[in-house]
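Novice: Fold the following for me, if possible:
(2 chains)
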Number of protein chains: 2
Amino acid sequence: MNIDTHFTVGEVDPASLHQSVVVVIDVVRATTTMTEALANGARGIYPTASTEEAVKLATSLGREDTLLCGERKGAKVEGFDLGNSPREFTGPTVSGKRLVMSTTNGTRAIVTGGEGERLVACAFTNLGAVAESLKDASSVAILCSGREDRFSLEDSLCAGLLIARLQGEYDVTPVLNDASRAALALADSLQPDRAFLSDTAAGRALIEIGLGDDLDICAHVDRHSIVPEMRDQAITLSKS
Amino acid sequence: MNIDTHFTVGEVDPASLHQSVVVVIDVVRATTTMTEALANGARGIYPTASTEEAVKLATSLGREDTLLCGERKGAKVEGFDLGNSPREFTGPTVSGKRLVMSTTNGTRAIVTGGEGERLVACAFTNLGAVAESLKDASSVAILCSGREDRFSLEDSLCAGLLIARLQGEYDVTPVLNDASRAALALADSLQPDRAFLSDTAAGRALIEIGLGDDLDICAHVDRHSIVPEMRDQAITLSKS
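Specialist: Now for the predicted structure:
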């Protein structure tokens, strides 16, 4: 198995992804929130790049069973039903609903990752389930969403923990690129918990706008055993 | 002391560098070669972006005491005096000479880094001397040259070892950005030696073109106690 990690979306040549299963990671918070929403019964998530596009799509899907979700600079977009806080995506709120979602960093990674053979979303909360779904892949590309196209420590640690799981729990001896080797080294020395997340750039920014409690869910390793997978413009529960 | 590491030049906002001492790292091989050349008596190094520019500058400086140096895809540029192999930059060859140098990755980092208050060049070979020269700085920006604007493991490890030196040998408790924290974690688990370099993307590419023996010098920690510093378009021995 080849595992190529990319610490920022800008480093990826989309054409290199065609034969790979792409794993998009945005721990704080897009992929954590997607996992939370699908685990709590949402029918599907429709990522969009702009808030305008989100409004248009929600209207065409039918507003009665569609929720408009998204953030800009971490805060809920005005007039939207939900922001990007995993705590908002409870069963009573999202069960049976379609979610149109526009986020700052996560969406770009999902668009680029769409060039892959498959695209799945990973966070600390579904690490084990994602590892299990990758165990037979011949080529994996891990895309860290990063923060405004810069390196982010929590996404890179998540990549490293995913590689460590594949090595530790399955019969996988992966060929790693430079960034995968670095990610694995991070998994050796850093622990994913709330204290760790609080001291990352993304965590500090979230605390600053009063949403620090989101980090409890973001740091909850293996909280769910589901894999969000992109199919036909929507992210739904993976069937494999 | 603030230490912000940037794993690729593309992640840097040049305007953010104005108040910082910028440390450019390109272990394989630009900053290793620069250190080697200055330690062996070269008068100064003039980095240029293109080979055409290099030829023009060498002519205007006077060809009798100027050497044209540079590589494309690792190999010496046709018609140039020297490539980018540190083994070529011996005392007998470079002492008293000006070197006009065009390299693939290193030059871009130097141009971007030129926005800083000072700019110094770092490799494994002059780690201790660079740490010493930074000990009183209030803001340091470490620019890893990377490989074709992608993450490179050896530059990142070098950044981590530099931060570890500052913490370990001087009375410095730095404030670290996400990438600096990751670099420091690498320094905990990886050793800079020839075996390590041979298994990086840059090392493998060098071995492929028959220049693997360069890695012995690249991996030689604290081989020299000098700091190359950019001043008036030329890199010379730092006086501080």
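Novice: Nearest residue to the middle of chain A?
Specialist: Taking Cα atoms, centre = their mean, the centroid of chain A lies closest to A:T31, which sits 2.4 Å from it.
Novice: Against chain B, how distant is it?
Specialist: Distance of A:T31 to chain B, given as Cβ to the nearest Cβ, to the nearest Å: 17 Å. In short, each C-beta sits where N, CA and C put it, glycine included.
Novice: now do A:A37
Specialist: Distance check for A:A37 against chain B: by Cβ to the nearest Cβ, it reads 26 Å.
Novice: Identify the residues contacting A:I142.
Specialist: Listed by Cβ atoms under 8 Å, 6 or more residues apart in numbering or on different chains, the contact set of A:I142 reads A:3-6, A:22-23, A:25, A:122, A:159, A:162-163, A:180, A:183.
Novice: Considering only these, which also neighbour chain B?
Specialist: A:H6 (Cβ under 8 Å from any Cβ of the partner chain).
Novice: Let's have the contacts of A:I142 in a markdown table, adding secondary structure.
Specialist: Shown next, in a markdown table, are the contacts of A:I142 (DSSP: H, G, I helix; E, B strand; the rest coil):
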| residue | secondary structure |
| --- | --- |
| A:I3 | strand |
| A:D4 | strand |
| A:T5 | strand |
| A:H6 | strand |
| A:V22 | strand |
| A:V23 | strand |
| A:I25 | strand |
| A:C122 | strand |
| A:A159 | helix |
| A:L162 | helix |
| A:I163 | helix |
| A:S180 | helix |
| A:A183 | helix |
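Novice: from what I can see the residue nearest to the centre of chain A touches A:E229, true?
Specialist: No - assessed by Cβ atoms under 8 Å, A:T31 is found out of contact with A:E229, at 11.9 Å.
Novice: Give me the common contacts of these two.
Specialist: Residues touching both A:T31 and A:E229 by Cβ under 8 Å, 6+ apart: A:A121.
Novice: Phi first, then psi, for the residue of chain A most remote from its centre.
Specialist: Within chain A, A:E64 marks the point farthest from the mean C-alpha position, 26.5 Å out by Cα atoms, centre = their mean. Backbone torsions of A:E64, given as degrees, to the nearest 10, read phi -60, psi -40.
Novice: For it, give me its contacts.
Specialist: Applying Cβ under 8 Å, 6+ apart, no residues qualify as near A:E64.
Novice: Look up how far A:V100 lies from it.
Specialist: 13 Å (Cβ to Cβ, to the nearest Å).
Novice: same check, this time on A:R223
Specialist: 24 Å.
Novice: Of the two, which one has the most company?
Specialist: Taking other Cβ atoms under 10 Å in any protein chain shown, A:R223 and A:V100 do not tie; A:V100 has more neighbours (28 against 19).
Novice: In terms of helix, strand or coil, where does that one fall?
Specialist: Assignment for A:V100 (three-state DSSP): strand.
Novice: and chain A, which residues reach chain B?
Specialist: Near chain B, when you scan chain A using Cβ under 8 Å from any Cβ, you find A:6-8, A:10-11, A:147, A:149-153, A:156, A:177-179, A:181-182, A:185-186, A:188-190, A:200-201.
Novice: Now that we have those, which of them are buried?
Specialist: Among the residues of chain A next to chain B, those buried by neighbour count (16 or more other Cβ atoms under 10 Å in any protein chain shown) are A:6-8, A:10-11, A:147, A:150-153, A:156, A:177-179, A:181-182, A:185-186, A:189-190, A:200-201.
Novice: between the helix or strand of chain A with the lowest mean pLDDT and strand A:98-102, how many degrees?
Specialist: Ranked by mean pLDDT, DSSP states H and E, the weakest helix or strand in chain A is helix A:106-113, scoring a mean of 84. Orientation check (axes from the mean of the first three to the mean of the last three Cα atoms, to 10 degrees): helix A:106-113 against strand A:98-102 gives 100 degrees.
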